[in-house]
Each structure stands twice: as C-alpha cells, then as structure tokens.
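Q: Pasting the sequence and the predicted model now:
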Amino acid sequence: MNRILVTGATGNVGREVLTQLVSVGGPVRALVRTARRLDAGVEAAEGDLSRPDTLAQALADVETVFLVWPFLTTEGAPAVLDVIRGHARRVVYLSSSGVNDEAGRQTDPINQLHADMESLIKKSGLEWTFLRADTIASNTRGWAAQIRGTGVVRGPDIAATAVVDPRDVAAVAARVLADDGHVGATYVLTGPEVVSRAQQVRAIGEAVGRPLRFEEVPVETAREQMLADGMPPALVEALLASAEQRPHAGLITSAVEEITGTPARTFRQWAADHVDDFR
C-alpha cells in the first residue's frame, strides 16, 4: 500500500480518514500545523497549506495525498499543488456535491471554490480523484450551544439535501486512497435521504431525548449575529450566499454502498451516535 498524507487531519472528515486507514494497516501520515501526539499507527508531520515551503518534509516518500482545502479562495493552491507534484503522484480531493459541471458559474462561492480547485488539480499534472460530498452531518455540531441553551436552533434556512455521515465519506476516501483503480473518477457522496434543517434539529432532539426546533431567521439578522460572534466577514458572506442561492437538491446516490459495500448511514443514525456532542 502506498504512503498516504492526510491533510485536514484534525477535522471532522480527516480524523475519520485516519481511523479508516489505520484499520487496514497502511502507512499513513497526518499533516499538522504544530507537533502533537496522534492515535497509534499515525505519523504526524508538521506543515501548513498556507506556506507551501513547509510541506516538503511531510511529503517525503508520499505517493498519494488526501487534500482538504481549508481556505475560501484558491490563492496559494497552485503553489501547493506544485510542491505536491514534486513528491507525490496522486491527489484525492474532498469537493462538494453542489458542483455543476455544466454551469459556467456555480450557484454560490463555496461551490465555485470547489469547482476552481478541481480545475487547478486537473491542470496540475497529478493523477486525481474527486469526492463530491453532500452536506456533512457533523456540521450540525455548530448548533450545540443553542441546543444546550434554549432548545431552539435559529439561523437562515438552506435547501434540504441528502446529508452524508462523515464516517461514510471517510470510508469511501480510504478505499479510494488505497486503490489506484479510481484515477480520473468523480464520486458524488450522499446520505440515503433528503433532510431539511428542521428535520435535522428534530432528529437531534429525538437522540438527546427532548424536543428541539429550528427557527428560521432573516439573512440580515443572521449576518449581524454571525459577525457579532466574531466569524470572519468573508466566511459569513460565503455561508449566507449558500443559504440564499443554493437550490433544492434531491439527488441521492448509491456511491457510498457501491465503493464500500455498506449502505450510507441516515442522519438519525449519526445523531444517535453523537448525543454527547449536544448534551
């Protein structure tokens, strides 16, 4: 099995990817900004995607990179891809199911970012595979304070989608990272059912054993609160653009089961498995 470097290794998906890769015994390395102890079987290497000159040591003897791009623009991405190409031969990129190959421009800034990253990767000379994930279930952890405090999640509504469990995204990623047979493929990863924000909140309530509800607020009210909470203005605008512009997506795919052999988990299952995050 080739040596794999996992970026975003402390994030919701990256942590799960590490777990999956360790379970099959492959040589895996995690990119971290500062030295830390990780789970047994995981080698940590310091480096920062915002500083391409820090990546060479982490990429030594690496063949494949799991790439999570943590920025709101592609500035700096060409330089990072150049460094990766100097060491590795393949990138597996975590993208968005909202990317539309037929569109000249995407519906919102986040989908446009992913489309631009995919384009840069295709032009980089690296072998590639794209994992276009739907809304990831663990994003709801951002509601935890409201759930604990009032039992009401307030925010702008976003079109319902087939929310996907990060464990399922990671399971697909681990299979793809360990197998060269996926070069040039794009996989759209979804959960088994389309769920709205209100339905997600109710499912969390069922898991924790008390009634919860979602309350939609105007975008401008949400903007004021997000800025008051200290969120970066560029991130606020990107997230709100998604709320205003992203269309309803009823797409459900079987990619998780086809690649892993196991059906995708429901959002209710994710909530039941993570009740401690909301208590």
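A: Everything's here; your move.
Q: So residue 20 sits against residue 172, correct?
A: No. Residue 20 lies out of contact with residue 172 (C-beta atoms under 8 Å); the separation is 9.3 Å. Quick note: C-beta positions are derived from backbone N, CA and C, even for glycine.
Q: which of those two has more neighbours?
A: More neighbours surround residue 172 than the other of residue 20 and residue 172, with 27 against 21 (other C-beta atoms under 10 Å).
Q: show me the contacts for the more buried one.
A: Neighbour list for residue 172: 131, 187, 189, 255, 256, 259, 260 [criterion: C-beta atoms under 8 Å, 6 or more residues apart in numbering].
Q: Go again with 6 Å.
A: Listed by C-beta atoms under 6 Å, 6 or more residues apart in numbering, the contact set of residue 172 reads 189, 256, 259.
Q: and those residues as a markdown table, adding neighbour count, distance to residue 43 and pLDDT?
A: Formatted as a markdown table, the contacts of residue 172 follow (neighbours: other C-beta atoms under 10 Å; distance: C-beta to C-beta, whole Å; pLDDT from 0 to 100):
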| residue | neighbour count | distance to residue 43 | pLDDT |
| --- | --- | --- | --- |
| 189 | 25 | 27 | 98 |
| 256 | 25 | 28 | 98 |
| 259 | 21 | 26 | 97 |
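Q: Extract the C-alpha trace of the helix or strand hosting residue 221 and format it as PDB.
A: In the assignment (DSSP states H and E), residue 221 maps to helix 219-228. The C-alpha coordinates for helix 219-228 follow below in PDB (Å, rounded to 0.1, in the frame of the first residue of the first chain):
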ATOM      1  CA  VAL A 219     -30.500  36.600   6.400                       C
ATOM      2  CA  GLU A 220     -29.600  40.100   7.600                       C
ATOM      3  CA  THR A 221     -30.300  39.100  11.200                       C
ATOM      4  CA  ALA A 222     -28.100  36.100  10.800                       C
ATOM      5  CA  ARG A 223     -25.400  38.200   9.300                       C
ATOM      6  CA  GLU A 224     -25.400  40.600  12.200                       C
ATOM      7  CA  GLN A 225     -25.300  37.700  14.700                       C
ATOM      8  CA  MET A 226     -22.500  35.900  12.900                       C
ATOM      9  CA  LEU A 227     -20.400  39.000  12.700                       C
ATOM     10  CA  ALA A 228     -21.100  39.700  16.400                       C
END
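Q: just checking, what packs against the helix or strand of the chain with the lowest mean pLDDT?
A: Among the helices and strands of the chain, helix 233-245 carries the lowest confidence by mean pLDDT, DSSP states H and E, at a mean of 79. When contacts are defined as 3 or more C-beta pairs under 6 Å, 6 or more residues apart in numbering; DSSP states H and E, helix 233-245 sits against helix 109-123, helix 219-228.
Q: ok, now how distant is the closest residue to residue 252 other than its chain neighbours from residue 277?
A: In space, and not counting its chain neighbours, residue 252 is closest to residue 162: 4.8 Å by C-beta to C-beta, 6 or more residues apart in numbering. According to C-beta to C-beta, to the nearest Å, residue 162 stands 21 Å off from residue 277.
Q: same question, residue 18
A: From residue 18 to residue 277 the distance is 19 Å (C-beta to C-beta).
Q: Which one of those two is surrounded by more residues?
A: Neighbour totals were compared for residue 18 and residue 277, and residue 18 leads with 24 against 17 (other C-beta under 10 Å).
Q: Fine by me, thanks again.
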